[in-house]
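>>> The following block contains a protein sequence and its predicted model.
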Amino acid sequence: MLTPTDIQAKEFGKSFRGFDENEVNDFLNEVIEDYTAACEENERLRAELAREQAANEEFRRIERSMRETLVAAQKKAEEVTENAKRNADQLLETATKDAEDMRREASLQSKAQIDAAADKVRAVVAEYERLVREKHAFLHRMKTNVQEELTLIDETIARMPDMAARREQDEERREEEREGMRN
């Protein structure tokens with residue numbers, strides 16, 4: 001990938017009818033500034049994406065933990081149910097009711113936590129998609145700006161006088177004047 005330093009270090013060969021060196025250097029400086037800004041924005045977006053991905057991983061870890069908690073709660077409810085069966089009919093009825101209540105409550109709590117985590121994941125994904133759209137819009141604007149600058153340069157070059165052709169015309173005119181004076 002081309003870096004701002006590569007652009008800054010680029011040297012062009014000189015020719016008889018070359019470009020104005022100051023104009024080229026000024027334009028290269030503008031390109032370096034814009035390219036540096038784009039690189040910095042790209043790095044910022046990458047860092048932000050990494051943070052969002054880390055947050056997403058944290059949500060996944062929480063979800064796994066909640067699932068393990070739910071499994072543990074279900075196992076505990078089953079143990080309570082088995083112990084209740086071994087006890088008297090009266091204890092069986094009470095223990096079964098308690099186990100059902102615990103299971104329902106744990107299920108509701110875990111569902112609420114999973115729903116909250118899923119909402120957070122959706123928000124992170126939406127933010128990531130928004131950042132990607134902004135990045136694409138920014139890059140499109142950069143491309144348009146560079147294309148406009150290139151068009152402006154092409155138009156400026158087209159309007160520049162051709163000094164060699166002008167010199168030839170002047171010499172031809174002088175030669176005609178000399179011949180006219182001789183006759």
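Perfect, I can see it now.

>>> Just give me the longest helix of the protein.
Assignment by DSSP state H gives helix 89-159 as the longest helix of the chain.

>>> Show me what that one is packed up against.
Counting contacts by 3 or more Cβ pairs under 8 Å, 6 or more residues apart in numbering; DSSP states H and E, helix 89-159 packs against helix 21-86. Every residue, glycine included, has its C-beta placed from N, CA and C.

>>> what is the rounded mean pLDDT of the helix it packs on?
What helix 21-86 shows for mean pLDDT is 89.

>>> Residue 152 and residue 177: what is the separation?
According to Cβ to Cβ, to the nearest Å, residue 152 and residue 177 sit 40 Å apart.

>>> same thing with residue 70?
In terms of Cβ to Cβ, residue 70 sits 104 Å off from residue 177.

>>> more neighbours, the two?
Legend: neighbour count by other Cβ atoms under 10 Å for residue 70 and residue 177, higher for residue 70 (18 against 10).

>>> Touching, that one and residue 107? I think so.
Yes: look at residue 70 against residue 107 with Cβ atoms under 8 Å: they come within range, at 7.1 Å.

>>> Identify the residues contacting residue 90.
Contacts for residue 90 (Cβ atoms under 8 Å, 6 or more residues apart in numbering) come out as none.

>>> and if you look at the one 10 residues further on?
With contacts defined as Cβ under 8 Å, 6+ apart, the neighbours of residue 100 are residue 77.

>>> How far off centre is stretch 31-50?
9 Å (Cα atoms, centre = their mean, to the nearest Å).

>>> which residues sit against it?
Residues contacting stretch 31-50 (Cβ under 8 Å, 6+ apart): 2-4, 7-8, 128, 131, 135, 138-139, 142, 145-146.

>>> Go through it and flag the buried ones.
Going by neighbour count (16 or more other Cβ atoms under 10 Å), the buried part of stretch 31-50 is 31, 32, 34, 35, 45.
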